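Undergrad: Predicted coordinates and the sequence they were generated for:
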Amino acid sequence: MAFEDRIRLPTLSLIHRRLRLLNLLNEFVESGKRLITIYAPSGYGKSILLADFAQTTDWPVCWCSLDVSDRDPASFLALLAYSIADRFHEIQLEGLTQLIERGDTQSSVRRIAEVLRPVGPHIIIVDDFHKANSAGVSLALSHLLERLPETSRLIIAARGNLGLETRQVIDLVVAEQVAGLSEVELRFTPEEFHRVTTRAKADLATRGETEPYEKQLIRKDGIFVAEDLLGLNPENLK
């Protein structure tokens, strides 16, 4: 993925908008949850959900898609700085990147928090955190949680446990400022699955295709092996 694509919202081609989950995310944001985690195995639609949320929320969003090159805290913070400057054009990127290149994580985080304070309410989305999860990046995130203004909301998505059992996170948990979605919430309900498969079958019929609708869903949304996402056998829902 090109660098520019990792700081901009992904293009979506949705079969089904997951209003139940979008409403939950909106509730978390509006109720003051400063850290929101989304963790589930591959195929549960985490990135699609977040991209849809980012494009429908009224809050300005800074988007970061991580990869293995971001395991170094300086690389992670540089990506974040580019994302912030891309969203808020009044923020001067050069000063941020020069500080980050010196390798002082705490000073870099402090400066990022300072430039975000005047912009008002905003959301930072960090997708694919598992690809860059390291001790250094976890420490940088912990410093961010401690320094970011009250108007910041940080949403982190990863496969499996994020491993952020730090003092800063524990303090937020105690203050009831943390919320999350796991594979339990991300599974389709029977009603949602019925709507998705009905739409997929209709799309296939319109184009005169005979491909099984389960494969159609995988190709268009990349969201499942159906049994995993549903937590039950989709054959029982036909």
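TA: Nice, thanks for sending it over.

Undergrad: For the protein, just list every one of the strands.
TA: 35-39, 61-65, 122-127, 152-158, 178-181 (DSSP state E).

Undergrad: G95: which of those is closest?
TA: Nearest to G95 among the strands of the chain is strand 61-65; the distance by Cβ to Cβ comes to 17.1 Å. Placement of C-beta: from N, CA and C, glycine included.

Undergrad: Could you tell me the angle between that closest one and strand 152-158?
TA: Computed with axes from the mean of the first three to the mean of the last three Cα atoms, to 10 degrees, the direction of strand 61-65 lies at 30 degrees from that of strand 152-158.

Undergrad: Just the residues contacting strand 61-65, thanks.
TA: 1, 5-10, 47, 54, 79-80, 83-84, 86-88, 122-128 (Cβ atoms under 8 Å, 6 or more residues apart in numbering).

Undergrad: would you turn the strands of the chain into TSV with mean pLDDT and distance to R17?
TA: Rendered in TSV, the data for the strands of the chain read as follows (pLDDT from 0 to 100; distance: least, Cβ to Cβ, whole Å):
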stretch	mean pLDDT	distance to R17
strand 35-39	93	17
strand 61-65	97	17
strand 122-127	97	18
strand 152-158	95	18
strand 178-181	93	16
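
Undergrad: who wins for proximity to I170 among these?
TA: Taking the strands of the chain one by one with Cβ to Cβ, strand 178-181 is closest: 9.3 Å.

Undergrad: who's in contact with that closest one?
TA: Contacts of strand 178-181 (Cβ under 8 Å, 6+ apart): 21, 24-25, 28, 33-40, 169, 172.

Undergrad: between those residues, which is nearest E114?
TA: R34 (17.2 Å).

Undergrad: Quick check: that closest one touching E146?
TA: No - R34 is beyond contact range of E146, at 10.5 Å (criterion: Cβ atoms under 8 Å).

Undergrad: And the longest helix belonging to the chain, what does it pack against?
TA: Secondary structure assigned by DSSP state H gives helix 190-207 as the longest helix of the chain. On a contact count with 3 or more Cβ pairs under 8 Å, 6 or more residues apart in numbering; DSSP states H and E, helix 190-207 meets helix 213-221, helix 226-230.

Undergrad: rerun that using 6 Å as the cut-off
TA: helix 213-221 (3 or more Cβ pairs under 6 Å, 6 or more residues apart in numbering; DSSP states H and E).

Undergrad: returning to that earlier point: which one of the strands of the chain lies nearest to N133?
TA: Checked against Cβ to Cβ, the stretch from the strands of the chain lying closest is strand 152-158, at 7.0 Å.

Undergrad: so who does G120 touch?
TA: T151 (Cβ atoms under 6 Å, 6 or more residues apart in numbering).

Undergrad: Relative to E27, how far out is it?
TA: Using Cβ to Cβ, to the nearest Å, we find G120 at a distance of 20 Å from E27.

Undergrad: F28 against L35, yeah?
TA: No - using Cβ atoms under 6 Å, F28 is not in contact with L35; the gap is 9.4 Å.
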